[in-house]
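> Predicted model and sequence follow; I will ask about them next.
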Amino acid sequence: MLIGNHLSSSKGYLAMGKMAVSLGANTFAFFTRNPRGGKAKEIDTGDVERFLEFAEEHSFGKLVAHAPYTMNLCAAKEDVRNFSREVIADDLKRMEYTPGNYYNFHPGSHVGQGAEAGIDLIAEVLNEVLTPQQTTIVLLETMAGKGSEIGRNFEGLRRILDMVALQEKMGVCFDTCHVWDGGYDIVNHLDEVLEEFDRVIGLDRLYAVHFNDSMNECGAHKDRHARIGEGCIGLAAMKRVATHPLLAGKPFILETPNDDAGYAREIALVQSW
Ligand code: FE
Ligand code: FE
Ligand code: ZN
């Protein structure tokens, strides 16, 4: 079982690796830069080298980096779109220091332009920044559908994927809280939801799971994460997700409201399943 949580990248890669191990994790997520900010820290190549060795010694699975929330590839304002294009292009260069991992991002919010226009803009940027040489797989995150978020259903993600030329560099990250909030009943119909994902997108495109309970009911479009077993999805359903054979071997990332001790407990719980 590959399980980890979101870690702070402010102290560097090796520090994240050591933190992950101390929490009992064998993968982790990290923001490529301040989640609410712009400029990224310079990469310390010595630190990255030490981390890569450490990760191999500890048999880490794929890492799931997360783009900053300020990045909106389909913003209505051109300056925000330009900023976002620069961020994703720079992040993809930085990701190559740790080759072969995943880079997850929120597809974007169309802010009144309409979903179709938003999807076109997202695909346009992806076609500009993806390269055949990159070893990183870029993941679209399934979204709760708050406001004008793109990715509230599987069909929206599929339309983006279809418009990207370098298909093999793209995938999806399945966020359990978001999918549930988006209206997919993974409590009573997990098999059917995964079947629908397979039919609309294809399970071969599902690379990672964000493993969160939800504070709200199915279809609420709210996006408020809860600790595992303390939300509306509940412990039994979360366990069915974590142990589902179709999701075996994928990195599961906790984005639950926790301190370090809480994460260590949740990681141990999921491992025990
Ligand atoms: Fe996210
Ligand atoms: Fe998420
Ligand atoms: Zn969320």
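Received it, and whenever you're ready, just let me know what you need. Numbering: from 1, shown residues only. Ligands and ions are numbered 1, 2, ... in the order given.
> Is the closest residue to ligand 2 within the stretch 51-200 of the chain bridged to anything, and to what?
The minimum distance from the stretch 51-200 of the chain to ligand 2, using C-beta to the ion, falls at residue 175 (3.8 Å). The C-beta positions use only the backbone N, C-alpha and C, and glycine is treated the same way. For residue 175, the beta-bridge partners are residue 210 (DSSP bridges).
> what's the distance between it and residue 81?
Noted for residue 175: a distance of 24 Å to residue 81, by C-beta to C-beta, to the nearest Å.
> More neighbours: which of those two?
Neighbours were counted for residue 175 and for residue 81 using other C-beta atoms under 10 Å; residue 175 has more, 27 against 19.
> Provide a list of residues in contact with the more buried one.
141, 142, 143, 144, 209, 210, 212, 255 (C-beta atoms under 8 Å, 6 or more residues apart in numbering).
> Which members of those additionally contact ligand 2?
By C-beta under 5 Å from the ion, the members of those lying near ligand 2 are residue 210.
> so of the contacts of residue 175, which ones are in strands?
If you go by DSSP state E, those have 141, 209, 210 in strands.
> Give me the nearest residue to residue 113, chain neighbours excluded.
Once flanking residues are discounted, residue 113 sits nearest to residue 76: 5.6 Å by C-beta to C-beta, 6 or more residues apart in numbering.
> how much space between the nearest residue to residue 10 once chain neighbours are set aside and ligand 2?
Spatially, and ignoring its direct neighbours in sequence, residue 10 is nearest to residue 41 (7.6 Å; C-beta to C-beta, 6+ apart). Separation of residue 41 from ligand 2 (C-beta to the ion, to the nearest Å): 23 Å.
> Might one say that residue 41 is in contact with residue 30?
No. Counting by C-beta atoms under 8 Å, residue 41 stays clear of residue 30, with 11.5 Å between them.
> Now for the two: what residues contact both?
Contact with both residue 41 and residue 30 is made by residues residue 9, according to C-beta under 8 Å, 6+ apart.
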